[in-house]
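[1] Task: produce atomic coordinates for the following.
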Amino acid sequence: TSVNFAEFLALMSMPAKGDDVDIDDEVLEAFKIVDADGDGFISQEDMLATLQNMGEPVSATEIMLMIEDVAADNTNKDKVNYDQFRAMIGYISSLE
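    Residues are numbered from 1 along each chain as shown. Predicted structure coming up:
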C-alpha cells in the first residue's frame, strides 16, 4: 500500500496516545521531522526520505505530484512551507 499526502498529514497530526499535547506543537514537530535540512520548507527530497524511512513504497514521481498539488498557489512549486503544511493538516482534521 501507499500513503498519499493527505493520509501522511493526518498521520503526522495525530497526537501521541496518552499525551495532553497542543495540536499546534504536534504540527510543528511533524513539520520539523519532515524538514530534515531545517530550511523551513518540505522539499520533494525531504518528503521522499521521510516516507521511505517510514517504510512506505513511494516513488520520486509520486512525491513530486503531491508537493506540486499542495504548492500549486506558491511560486516555488517544489517545496511546501509551514503555513501550507499547517493548512493542509487543519483541513484534514476538519473532515474527521
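
[2] what is the residue nearest to F41 when sequence neighbours are not counted paired to in the beta sheet?
    Excluding its sequence neighbours, the residue lying closest to F41 (C-beta to C-beta, 6 or more residues apart in numbering) is K79, at 3.9 Å. C-betas here are computed from N, CA, C, even on glycine. Taking DSSP bridges as the rule, K79 bridges to S43.

[3] Relative to G38, how far out is K79?
    As judged by C-beta to C-beta, to the nearest Å, K79 and G38 stand 13 Å apart.

[4] ok, now F85?
    Counting by C-beta to C-beta, the separation of F85 from G38 is 14 Å.

[5] Looking at those two, which one has more neighbours?
    F85 (22 against 8; other C-beta atoms under 10 Å).

[6] Now do the same contact list for that one.
    L9, V27, A30, F31, V34, I42, V70 (C-beta atoms under 8 Å, 6 or more residues apart in numbering).

[7] what's the helix or strand for it?
    helix 82-95 (DSSP states H and E).
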